[in-house]
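> Please find the sequence and the predicted model below.
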Amino acid sequence: MSLLKLYEYPSEILRQKCERVTKVDDELRRFLDDMLETMYVDKGCGLAAPQVGVSKRIIVLDSNPSDEDMRARRPMYLINPEIIWRSEETILFNEGCLSLPDQRAEVERNEKVRVHYTDYNGAEQEILADDLLAIILQHEIDHLDGVLYIDHLSRLKRTRLLHKLNKFYEERADSKGK
Ligand code: NI
């Protein structure tokens, strides 16, 4: 397995609408494995293909990405995922994103979603998700349409967050330069 390069805001690829996957083969499965490994190493609970530079409708996630107990992990691979139902009830959750490092903000999401997708073996699946899993699914599927969680914030909150993100980038560049 190999680790993939993460693309961060404001990379153009994060704003593109991704293409559907037409074939699930061993090459794609290798990519799915690499995505999952990259997600665990970077301590995320979800990752979308455009975040590693591939504009295809693929996400991986784990709503329990435990480091201590590998058996507790619940990895999921979703190809061409589509939200086919959303609950009217919404919830607030403090979200982060590997493409906007070191930042978090509260986002309003639907409490439950039903998602149709193709799995690791190419079989059609459907899942009814709630809680953290529903939030991760909505966040990651947004990525496939070029949408980031900051797009759901008020303009003021988004501006503040992007300001802090730029400071983080500057400090990171400084510490690397030393
Ligand atoms: Ni994200």
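Noted; the coordinates are in hand. Please read these numbers as outputs of a predicted model, since none were measured by experiment.
> all strands for this protein, in order.
Per DSSP state E, the chain carries strands over the ranges 46-48, 58-62, 75-86, 90-95, 105-110, 112-118, 124-130.
> Comparing these, which comes out most buried?
Highest mean neighbour count among the strands of the chain (mean count of other Cβ atoms under 10 Å): strand 46-48, with a mean of 28. Quick note: C-beta positions are derived from backbone N, CA and C, even for glycine.
> can you list the residues that contact the helix ranked longest in the chain?
In the chain, taking DSSP state H as the definition, the longest helix is helix 155-177. Identification of contacts with helix 155-177 by Cβ atoms under 8 Å, 6 or more residues apart in numbering yields 9, 100-103, 105, 150-151, 153.
> what's the spacing between Leu128 and Asn121?
Distance of Leu128 to Asn121, computed by Cβ to Cβ, to the nearest Å: 21 Å.
> now the angle between strand 105-110 and the longest helix of the chain, please.
130 degrees (axes from the mean of the first three to the mean of the last three Cα atoms, to 10 degrees).
> Next, format the strands of the chain as TSV and append mean pLDDT and distance to Ile141.
As requested, the strands of the chain are exported to TSV (pLDDT from 0 to 100; distance: least, Cβ to Cβ, whole Å):
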stretch	mean pLDDT	distance to Ile141
strand 46-48	98	8
strand 58-62	97	7
strand 75-86	98	5
strand 90-95	97	13
strand 105-110	98	11
strand 112-118	98	7
strand 124-130	98	11
